[in-house]
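Peer 1: Using only what follows, build the 3D model:
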Amino acid sequence: PLRQLGTGSSRLLISGLQKAASNSKVIIVDEAEYGLEPYRITRLLNELGSKDAEPTQQVFITTHSPYVLRELQAQQLHVMRRPTPAQEAFDPERIQHTIYS
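Peer 2: Numbers count the residues shown, from 1 in each chain. Next up, the predicted model:
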């Protein structure tokens, strides 16, 4: 039963089932790293199409994990911060510099 699985296993299973059962072009994942070890984060991102040359879905992920960010290409990321009083967005070059410096 699902209730006997750990948090990470449950999240992976539910994500896989949702993707298989849906024909949606948009996927939203809140805190992708929650309950997952780094190798499972990589697997989740791969299943969501992070390495696909021609992705079939648009994926929105929130994260606080530098590991999640390092698994993705800068052009796949849009970093949004909400400083006072206005919102700020970063371009891919600045994201690349921030992640890998």
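Peer 1: Can you report how many residues neighbour the closest residue to Leu2 other than its chain neighbours?
Peer 2: Residue nearest to Leu2 in three dimensions, not counting chain neighbours: Ser10, with 6.0 Å by Cβ to Cβ, 6 or more residues apart in numbering. Heads up, the C-betas are built off the backbone N, CA and C, glycines and all. The local packing of Ser10 (other Cβ atoms under 10 Å) involves 14 other residues.
Peer 1: Can you check what pLDDT the model gives Ser10?
Peer 2: According to the prediction, Ser10 has pLDDT 84.
Peer 1: in a strand, that's where it is, yeah?
Peer 2: No. Going by DSSP: H, G, I helix; E, B strand; the rest coil, the assignment for Ser10 is helix, not a strand.
Peer 1: Report the separation between it and Ile41.
Peer 2: Distance of Ser10 to Ile41, given as Cβ to Cβ, to the nearest Å: 15 Å.
Peer 1: One more: Arg70?
Peer 2: For Arg70, the distance to Ile41 - Cβ to Cβ - is 10 Å.
Peer 1: Neighbour count for those two, which is higher?
Peer 2: Ile41 (21 against 12).
Peer 1: who touches the more buried one in this structure?
Peer 2: Ala32, Glu33, Ser65, Tyr67, Val68, Glu71 (Cβ atoms under 8 Å, 6 or more residues apart in numbering).
Peer 1: wait, is it part of a helix?
Peer 2: Yes. The assignment for Ile41 (three-state DSSP) places it in a helix.
Peer 1: quick one: pLDDT of it?
Peer 2: Ile41 carries a pLDDT score of 91 in this model.
Peer 1: do Pro38 as well
Peer 2: pLDDT, Pro38: 90.
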